[in-house]
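Visitor: Got a predicted structure here, sequence first:
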Amino acid sequence: MDAIETIYKRRSIRRYLEKQVEKDAIITLLKAAAAAPTAANCQPWEFIVIDEAQKLSELRDKLVFARYNAPAAIVVCGNMKLSFKGPSQEFWVQDCSAAIENILIAATSIGLGSVWIGIYPIQSNINLVKDMLNIPEHVVPLGIVYVGYPAEEKEARTRFDEKRVYWQEYEPKRKHRSKDKPVIGHY
């Protein structure tokens, strides 16, 4: 499958087969993550792989929005000692998000399903994950990627919408329908 086809085929998978993900496959995903672009080559990412049933169960019990039966999880964190200092420090979010997207695409390309669970910037979720995984103060969990063999299949797609594309400059008078989104992170 070529890169564009893989990107379109990548979908959030929330149901998984009861089959362990091989360590080699996890290493492939981590290598893909580390191939992501990063501001000034800071590479502030760190990864915590969870594939023990008890630890995954604890994670699901504590995070009500993350109760999927995946046999593995990769927690993507930003190490503030490795990131820029000052106002540019927040580039760690972009760097680690790019790493997560690479994991998602790589998972699809090797026949795995995946779903991205956001943790940052909800402080209560950050604290919960830090406590549960013994993450030090200078490391911030950005998100969790569940991975496993999919028990569901979804059609490839893109959500391209010409109304959201501007050429040369933004057109403020263009009308868009907006949807009220619920506040998340308060459980």
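Guide: The structure has been received and is ready for your questions.
Visitor: Quick check: chain neighbours aside, which residue is closest to residue 89?
Guide: In space, and not counting its chain neighbours, residue 89 is closest to residue 83: 5.1 Å by Cβ to Cβ, 6 or more residues apart in numbering. For glycine as for every other residue, the C-beta is placed from the backbone atoms N, C-alpha and C.
Visitor: you'd agree that neighbour is in a strand?
Guide: No: with DSSP: H, G, I helix; E, B strand; the rest coil as the criterion, residue 83 is located in coil rather than a strand.
Visitor: Wait, it touches residue 41, no?
Guide: No: if you go by Cβ atoms under 8 Å, residue 83 and residue 41 don't touch, sitting 11.6 Å apart.
Visitor: Report the contact partners of the residue nearest to residue 89.
Guide: For residue 83, the contacting residues are 42, 44, 89, 91-92, 95, by Cβ atoms under 8 Å, 6 or more residues apart in numbering.
Visitor: Show the pLDDT at it.
Guide: Per-residue pLDDT puts residue 83 at 95.
Visitor: Of the contacts of residue 83, just the buried ones, PyMOL syntax please.
Guide: The PyMOL command for the buried members of the contacts of residue 83 (criterion: 16 or more other Cβ atoms under 10 Å) is given here:
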select buried, resi 42+44+91+92+95
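Visitor: Redo the contacts of residue 83 as a markdown table? Include pLDDT, distance to residue 26 and secondary structure.
Guide: Listed next are those as a markdown table, based on pLDDT from 0 to 100; distance: Cβ to Cβ, whole Å; DSSP: H, G, I helix; E, B strand; the rest coil:
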| residue | pLDDT | distance to residue 26 | secondary structure |
| --- | --- | --- | --- |
| 42 | 96 | 24 | coil |
| 44 | 98 | 21 | coil |
| 89 | 93 | 29 | helix |
| 91 | 96 | 26 | helix |
| 92 | 98 | 23 | helix |
| 95 | 98 | 20 | helix |
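Visitor: ranges for the helices of this structure?
Guide: Assigned helices in the chain, in chain order: 3-9, 23-33, 53-62, 91-109, 123-133 (criterion: DSSP state H).
Visitor: All good on my end, thank you.
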